[in-house]
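Colleague: This is the structure alone, sequence omitted:
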């Protein structure tokens, strides 16, 4: 299966009445989510968007970066913060690597979006990842999950139960693919649908954490797993020296 079930091939989002180019950087946190729960429910909005919309924004981030510097191909985690902003931090999958560990620092107070197992179909790729319209794109992604799957999600040593309930198919998305994009096609504007199993975690406390997640399709021989060693840290604010504030420009 292409790119390890296209483990990091997702794209951008949606709108009402048609696809809209919305950047992850525009996201604004709002009240209403029950942040006391470790995993936010897939049937309720969080930070002003649905799961479907957050998946699409994850996809925009994924497709806005060239393959040569893509976080999904990063072996260490040094690229994990590339292009990240807003109330939700995206953790890339293992890409074509079956098992990998990364070290990453995330800002305190941000939620985490984890793709356990995912695939996408677009209007610019050849079959079996091609769909000419929304209905065909949805059918295309559903076909990848027609058989049983195996899912893993462990946060600080605690396994998350009932992972099958987090199957979500995105809204119709639209995105401009850059030169050297992860789809391996010429730069273009594409539409598509992303599908799979996703977790949106409430912000973790400041400190060190370990996340292990992934998934597989036994009938296809596909399996991937990634471990993130996370440091959740307060943003660093650089203050001027004490005497600098006393300086007064002459009249």
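Modeller: Right, received. Where do you want to start? On a predicted model such as this, the values are computed, not experimentally measured, just so you know.

Colleague: rest of the way, CA atoms for contacts and neighbours
Modeller: OK.

Colleague: Give me the below-cutoff pLDDT ranges for this structure.
Modeller: For the chain, residues meeting the criterion pLDDT under 70 lie at 1-37, 97, 237-251.

Colleague: can you give me the helices in it?
Modeller: 2-6, 51-63, 134-144 (DSSP state H).

Colleague: Only the buried residues of the last one, if you could.
Modeller: Residues of helix 134-144 classed as buried: 134, 136-138, 140-142, 144 (neighbour count, 16 or more other Cα atoms under 10 Å).

Colleague: what's the closest of the residues you listed to residue 45?
Modeller: Using Cα to Cα, residue 138 is the member of those that lies nearest residue 45, at 21.7 Å.

Colleague: Near the residue nearest to the closest one when sequence neighbours are not counted, how many residues? Count them for me, please.
Modeller: Closest residue to residue 138 apart from its sequence neighbours, by Cα to Cα, 6 or more residues apart in numbering: residue 193 at 6.1 Å. Residues lying near residue 193 (other Cα atoms under 10 Å) number 34.

Colleague: Could you do residue 191 as well?
Modeller: By other Cα under 10 Å, the residues close to residue 191 number 24.

Colleague: next one: the one 5 residues further on
Modeller: A total of 22 residues lie near residue 196 under the criterion other Cα under 10 Å.

Colleague: if I look at the residue nearest to it when sequence neighbours are not counted, how far off is residue 194?
Modeller: Leaving aside its sequence neighbours, residue 196 sits nearest to residue 118 (Cα to Cα, 6+ apart; 4.1 Å). Counting by Cα to Cα, to the nearest Å, the separation of residue 118 from residue 194 is 7 Å.

Colleague: Strands along the stretch 101-250 of the chain, start to end?
Modeller: For the stretch 101-250 of the chain, the strands defined by DSSP state E, counting those that start in this stretch cover 111-122, 150-155, 158-159, 167-169, 173-176, 189-201, 207-217, 222-233.

Colleague: Please report how far the nearest residue to residue 225 once chain neighbours are set aside lies from residue 136.
Modeller: Excluding its sequence neighbours, the residue lying closest to residue 225 (Cα to Cα, 6+ apart) is residue 214, at 4.2 Å. Taking Cα to Cα as the criterion, residue 214 is separated from residue 136 by 27 Å.

Colleague: Quickly note the distance from residue 210 to residue 78.
Modeller: As judged by Cα to Cα, residue 210 and residue 78 stand 16 Å apart.

Colleague: same deal with residue 51?
Modeller: On the measure of Cα to Cα, residue 51 and residue 78 end up 27 Å apart.

Colleague: out of the strands of the stretch 101-250 of the chain, which comes closest to residue 62?
Modeller: Minimum separation from residue 62 across these (Cα to Cα) falls at strand 173-176, 10.3 Å.

Colleague: ranking the strands of the stretch 101-250 of the chain by burial, who's on top?
Modeller: strand 111-122 (a mean of 26; mean count of other Cα atoms under 10 Å).

Colleague: angle of that one against helix 51-63?
Modeller: 80 degrees (axes from the mean of the first three to the mean of the last three Cα atoms, to 10 degrees).

Colleague: For strand 111-122, name the packing helices and strands.
Modeller: In terms of contacts (3 or more Cα pairs under 8 Å, 6 or more residues apart in numbering; DSSP states H and E), strand 111-122 is packed against helix 2-6, strand 88-90, helix 134-144, strand 150-155, strand 189-201, strand 207-217.

Colleague: which stretch among those comes nearest residue 224?
Modeller: Closest to residue 224 of these is strand 207-217 (Cα to Cα; 5.5 Å).

Colleague: Which neighbouring elements make contact with that closest one?
Modeller: Secondary-structure packing of strand 207-217 (3+ Cα pairs under 8 Å, 6+ apart): strand 111-122, strand 150-155, strand 222-233.

Colleague: got the contact list for the second one?
Modeller: Pointing back at strand 150-155 there. With contact meaning Cα atoms under 8 Å, 6 or more residues apart in numbering, strand 150-155 is reached by 116-117, 159-160, 163-164, 209-218, 225.
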